[in-house]
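Q: Predicted model and sequence follow; I will ask about them next.
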Amino acid sequence: MSILLVLVLFSFNLLVNAAAANTLTEIIPAEHEALERWKHSLYYYEVAIVPDWNTTTSCNTSDGRITCSEEGSVIGIDLSYHHLEGNLNHLNFSSLPHLSVLILQGNNLNGTIPQEIGTLTNLIHLNLNSNLFGGDLPISLGNLTSLVHLDLSNNNLNGPIPPKIGNLNHLLELRLSHNNLSGHLPPEIGTCYISTRQANEHDIDDDDAISSLPVDDMGHSVLWSVDDMDLA
């Protein structure tokens, strides 16, 4: 098991342990306000993001949706498949400086991915899969240098892949399939590769089709899950 995978597992264990031990942690007020403001900007929400939203600032870690550190900082948000409709424009990313996991998979969130997402410099897992996001990939994604997992697949994203994604030298998983991206994979993205040997060790499928993509200097590496991309 690679050192990076160990770090990822360790980080998720921290989230689980925090959920078990700190079910009533008080969220730092500025972070609670940021979540509240975003929640009330959504067109529809099925469940409360934070329990007793208007009467408490307790972090709901019992079900894993919102996870806090012992100090009250929000470190994990998992609102996958919650039928959320709206966008990310009213989520103040800079108020969540310790966020390490953001999972919004399987909702109906739309609009563009804000450039401000690049302020989440402690983020290790970002999953916006299966939403309705459009527009270009934000260049600021290149600022998220702690990222290990990035999944933006199954959206309506278009335009080129920013070369700054090559800054993500801890990245093990990159999923961009089923969008409308164009152009070539930038040569800088070579820093995101994992070797074929590593792929086999971690049971990652080596997609032979990746070699047909218009990529400079692919070498003997594979890019995990840039599958089914139509790069014209």
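A: Structure received. Numbering: from 1, shown residues only.
Q: ok, and for stretch 103-119, which residues are buried?
A: Neighbour-count burial for stretch 103-119 flags Ile103, Leu104, Gln105, Gly106, Asn107, Leu109, Asn110, Ile113, Pro114, Ile117, Gly118, Thr119 (criterion: 16 or more other CB atoms under 10 Å). Where you see a C-beta, it was placed from the backbone N, CA and C, and this is true even at glycine.
Q: Once you drop chain neighbours, what's closest to the fifth one?
A: Just to be clear, that refers to Asn107. Using CB to CB, 6 or more residues apart in numbering and skipping residues adjacent in sequence, the residue nearest Asn107 is Leu84, 4.1 Å away.
Q: you'd agree the one you found is up against Leu109?
A: Yes - with contact defined as CB atoms under 8 Å, Leu84 counts as touching Leu109 (6.0 Å).
Q: And Ala34, how close does it get to Leu144?
A: 18 Å (CB to CB, to the nearest Å).
Q: who's more crowded, the two?
A: Set Ala34 next to Leu144 and count neighbours by other CB atoms under 10 Å: Leu144 wins out with 24 against 20.
Q: was I right about the more buried one contacting Leu120?
A: Yes - using CB under 8 Å, Leu144 is in contact with Leu120, at 6.3 Å.
Q: any shared contact partners between those two?
A: Common neighbours of Leu144 and Leu120 (criterion: CB atoms under 8 Å, 6 or more residues apart in numbering): Leu126.
Q: And the strands in this structure?
A: Assigned by DSSP state E, the strands in the chain fall at 66-68, 74-78, 85-86, 101-103, 108-111, 125-127, 132-136, 149-151, 156-159, 173-175, 180-181, 194-195, 221-222.
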